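> can't give you the sequence, but here's the structure:
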């Protein structure tokens, strides 16, 4: 079934979506992008001011906080953008048929860009503190970010088609994110929580990502092989479920706009 | 002659809930109330072919299923039953005037719409000046779409689609947009495409367009084909259907 849109090179479609998203979000200026980065930075300063008194005994608290916070920020921003991705691009979906999953994948790009800039900043920060992470540690961290990306895209694929039918999903997800911020060990060290609850906390995807990243970047140790396997399995499962739900509902998405 | 696009026994119905639930909250609180649906049959068994190189008009009153048919042919909606056979790439222009990102300027919107209409970035870049010139919007290339009038936005949409078209063009309400000058340019471009062998499927309410540009026409009435044949004959049938005064309700003097 040839359709004109099938002819657009896939990379061109993705790049156009990412580029226009970036432009309309930051008003086409570098200053706009810097401005957007100030939000998580301001959050870091506030949280640091409050919690560094409570956790004064922990010399690594500040580093752990920034690693946790920018990973959380990515999860927060990208899942919210992903959930509304199809709805936000409804004006394109009602115009022509094209591979709409590209819209969902592109929605994570802005948050990913912020994440990458922060990652560079954090590594520079660590290096300045005389604790530059080894190449292996950086590779491990990249692996965790990749897993987080897979989980986020899996979630976004499913949530974006369901949002068209259930228009208050974004409010429910906002609520879940508010609770989830405290469920994940962003502002507190996981060690505070009794060991028997850890398994439950690890079921919330940001927890293993944040904990593993802290281990390789800050503590300089490696998580267990079993931990890595479980994380990879969770990412693959999330992506698979997302693709399944999306394939089931996407063909009729335009009817629910 | 060879068919480039065909619909075979197309059916489409929309389930319209009497009380529409669009949120999780409503679904939760409505668990015990049985949902009641009204089935709105929009298309019931539409079969036709668009032949290579011809222009076919789809006529019908508002609500007769024209737009739904176009969307199914363009692959935007899925038919409940029946099949669409596409033998050539299709460029649809639907819902004009709406469908832009108001926060982006004309150039970025052209890239965006071009991408979903099948143009590579390289092709958009090469055609950009021509697209803006065709829409007479060169002066406003860097103006955000939110400041455009609806006529300007529609002109831009036509311009992109006329450049994106390859073999089959699907048009909703063509020649009804813009001022006289722009309409004349659209007609000129249409003739050019027609000479090149493009096939066109268009929806219109303008019988002058049907008689001037179309080879054949199809009249939809209540989701069924009421007439299908030569453009002039079907245009007459359409005027009869639309012009007929509504039947008086039964039981009244």
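Structure received. None of the values given here were measured: they were computed from a predicted structure.
> Spatially, which residue comes closest to the spatially most central residue of chain A, not counting chain neighbours?
Relative to the mean C-alpha position of chain A, the nearest C-alpha, by CA atoms, centre = their mean, is the one of residue A:75, at 2.9 Å. For residue A:75, the nearest residue in space outside its immediate sequence neighbours is residue A:206; the separation is 5.1 Å by CB to CB, 6 or more residues apart in numbering or on different chains. The way it works is simple: take the backbone N, C-alpha and C, and place the C-beta from them, glycine included.
> Run a quick neighbour tally on the one you found.
Residues near residue A:206, counting by other CB atoms under 10 Å in any protein chain shown, number 24.
> got it, and residue B:8?
15.
> Equivalent analysis for residue A:236, please.
Other residues lying near residue A:236 total 14 when counted by other CB under 10 Å.
> ok, it touching residue A:150?
Yes. The pair formed by residue A:236 and residue A:150 meets the contact definition of CB atoms under 8 Å, at 7.2 Å.
> re earlier: can you read off the pLDDT for the residue nearest to residue A:75?
Here, the pLDDT recorded for residue A:206 equals 97.
> same thing with the one 10 residues further on?
With respect to pLDDT, residue A:216 scores 95.
> any idea how far residue B:182 is from it?
Per CB to CB, to the nearest Å, residue A:216 is found 61 Å from residue B:182.
> Repeat that for residue A:222.
66 Å.
> Looking at the two, which is more packed in?
The residue with the greater number of neighbours, taking residue A:222 and residue B:182 and applying other CB under 10 Å, is residue B:182; the counts read 20 against 14.
> Disregarding flanking residues, what is the spatial nearest neighbour of that one?
Nearest non-adjacent residue to residue B:182, counting by CB to CB, 6+ apart: residue B:155, 5.7 Å away.
> Now the helix or strand containing the one you found: buried residues?
Element membership of residue B:155 [criterion: DSSP states H and E] is helix B:150-164. Of the residues in helix B:150-164, those buried by neighbour count under the rule 16 or more other CB atoms under 10 Å in any protein chain shown are B:152-164.
> before we move on, which element is residue A:92 in?
Applying DSSP H and E as the criterion places residue A:92 in helix A:90-93.
> by contact count, what packs against that helix?
Secondary structure elements in contact with helix A:90-93, counted by 3 or more CB pairs under 8 Å, 6 or more residues apart in numbering or on different chains; DSSP states H and E, are helix B:106-116.
> burial count for residue 73?
In the absence of a named chain, this looks at chain A. Neighbour number of residue A:73 under other CB under 10 Å is 21.
> look at chain B instead
A total of 25 residues lie near residue B:73 under the criterion other CB under 10 Å.
> repeat for the one 5 residues further on
Residues within reach of residue B:78, counting by other CB under 10 Å, total 14.
> Now the helix holding residue B:155: average pLDDT?
Helix B:150-164 comes out with an average pLDDT of 87.
> and what of stretch B:42-51?
Per-residue confidence for stretch B:42-51 averages out to 95 on the pLDDT scale.
> OK, contacts around residue A:233?
By CB atoms under 8 Å, 6 or more residues apart in numbering or on different chains, the contact list for residue A:233 is empty.
> Look up how far residue A:119 lies from it.
As for residue A:233, its distance to residue A:119 is 24 Å (criterion: CB to CB).
> Run through the helices of the stretch 1-150 of chain B in chain order.
For the stretch 1-150 of chain B, the helices defined by DSSP state H, counting those that start in this stretch cover B:24-29, B:66-73, B:106-116, B:121-134, B:150-164.
> for those, which one ends up most surrounded?
helix B:106-116 (a mean of 25; mean count of other CB atoms under 10 Å in any protein chain shown).
> is chain B contacted by stretch A:242-257?
Yes. Part of stretch A:242-257 sits near chain B under the criterion CB under 8 Å from any CB of the partner chain, namely A:251, A:252, A:254, A:255.
> Just send those back as JSON lines, with neighbour count too.
Listed next are the residues of stretch A:242-257 next to chain B as JSON lines, based on neighbours: other CB atoms under 10 Å in any protein chain shown:
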{"residue": "A:251", "neighbour count": "16"}
{"residue": "A:252", "neighbour count": "13"}
{"residue": "A:254", "neighbour count": "22"}
{"residue": "A:255", "neighbour count": "15"}
